[in-house]
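S.K.: Let me see the structure of the following:
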Amino acid sequence: MNKKSKALSYLINLFFFVYFLLLLVERVLSVIFSYSDKKVSLYGSAFHGYVYTVVFLSIGAFFVYLFLRCRKNIKALVKVNTELDYRDICIASGILLLSGMVHTEYTISGLQFASYGVLILGIILRVIEMQKVYKRRALSYMSLIYLVAFSMAIPVMYPSQIDLHVFFHVLEAIASIGLVATFTYLMVLLFSGKDDLFLYWPIALVLALDIPLIILRWNEEINFFVLIFLILSFVLFLVGFIYKNVHKEK
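M.R.: Residues are numbered from 1 along each chain as shown. Next up, the predicted model:
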């Protein structure tokens, strides 16, 4: 591994830990401010009870997984020459991401977006680092763009007052968990050297979960952010799927 590769690997690993730090700070501050507010009850409703439970479990599981499975990554923060296996650090990021996919009181959106932005930078650098491994470089960049769009199409769990709010919240919970797991799986594939993320089931899953959520809450509030990135993800999937079939591996 040359100096350039070592520096790139160090940066990728560092970006993951900056993402961890920013999102953890945001989540902890949100819980502290919520707990300090006498008007807010963390378990005052079934919705809030679920939301804060997910935050606590996600953060707890993240620390357990990080210290059991990601010791090399922790050591690499001070030892540049350490060779890394990114599979476990990707899984750790997905576990922590669950806590950010539920809307708590005092959510600091700017800090959340900053943390996700750093994570995306890490993914971009990994794709650049892996260009010697990917067999179809253009497809790998298309997969990268698709992965980012897919991540933005994961709906954050928000409270709703529609008539079917119980069903809606259950579907939201399924979507947040299922799509974060799918995003994590796709990220692991890309980090492991797979240049093609244009599989049938992830796009089918995000369409099957997002569309009902958007429709159910349409009259209350249209989630334009998820809607735009859902459409973009579908378009990018079609483009990537057609491209990979036109330029099949020899």
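S.K.: residue boundaries of the helices in this structure?
M.R.: 3-36, 46-69, 71-75, 87-100, 109-129, 137-152, 165-191, 200-216, 224-246 (DSSP state H).
S.K.: Nearest to Tyr158, out of these?
M.R.: Of all these, helix 165-191 sits nearest to Tyr158, with 7.5 Å by C-beta to C-beta. For glycine as for every other residue, the C-beta is placed from the backbone atoms N, C-alpha and C.
S.K.: helices or strands next to the closest one in the packing?
M.R.: Contacts defined by 3 or more C-beta pairs under 8 Å, 6 or more residues apart in numbering; DSSP states H and E place helix 165-191 against helix 46-69, helix 87-100, helix 109-129, helix 137-152, helix 200-216.
S.K.: which one of those has the most crowded surroundings?
M.R.: helix 87-100 (a mean of 23; mean count of other C-beta atoms under 10 Å).
S.K.: how about a markdown table for the helices of the chain, with distance to Pro159 and mean pLDDT added?
M.R.: Output for the helices of the chain, formatted as a markdown table (distance: least, C-beta to C-beta, whole Å; pLDDT from 0 to 100):
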| stretch | distance to Pro159 | mean pLDDT |
| --- | --- | --- |
| helix 3-36 | 14 | 94 |
| helix 46-69 | 5 | 97 |
| helix 71-75 | 36 | 93 |
| helix 87-100 | 16 | 98 |
| helix 109-129 | 16 | 97 |
| helix 137-152 | 21 | 97 |
| helix 165-191 | 8 | 97 |
| helix 200-216 | 13 | 98 |
| helix 224-246 | 16 | 97 |
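S.K.: Just the pLDDT at the nearest residue to Leu186 once chain neighbours are set aside, thanks.
M.R.: Excluding the flanking residues, the one nearest Leu186 by C-beta to C-beta, 6 or more residues apart in numbering is Leu197, at 5.1 Å. Note on Leu197: pLDDT of 98.
S.K.: now do Asp85
M.R.: So, for Asp85, pLDDT stands at 84.
S.K.: What number of residues are in the vicinity of it?
M.R.: 13 (other C-beta atoms under 10 Å).
S.K.: before we move on, the earlier item: now distance to Lys38 too, for the helices and strands packed on helix 165-191, in JSON lines please.
M.R.: Shown next, in JSON lines, are these (distance: least, C-beta to C-beta, whole Å):
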{"stretch": "helix 46-69", "distance to Lys38": "15"}
{"stretch": "helix 87-100", "distance to Lys38": "24"}
{"stretch": "helix 109-129", "distance to Lys38": "24"}
{"stretch": "helix 137-152", "distance to Lys38": "35"}
{"stretch": "helix 200-216", "distance to Lys38": "32"}
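S.K.: for these, which one sits closest to Val28?
M.R.: Taking those one by one with C-beta to C-beta, helix 46-69 is closest: 8.0 Å.
S.K.: tilt between the closest one and helix 3-36?
M.R.: Put simply, helix 46-69 runs at 150 degrees to helix 3-36, going by axes from the mean of the first three to the mean of the last three C-alpha atoms, to 10 degrees.
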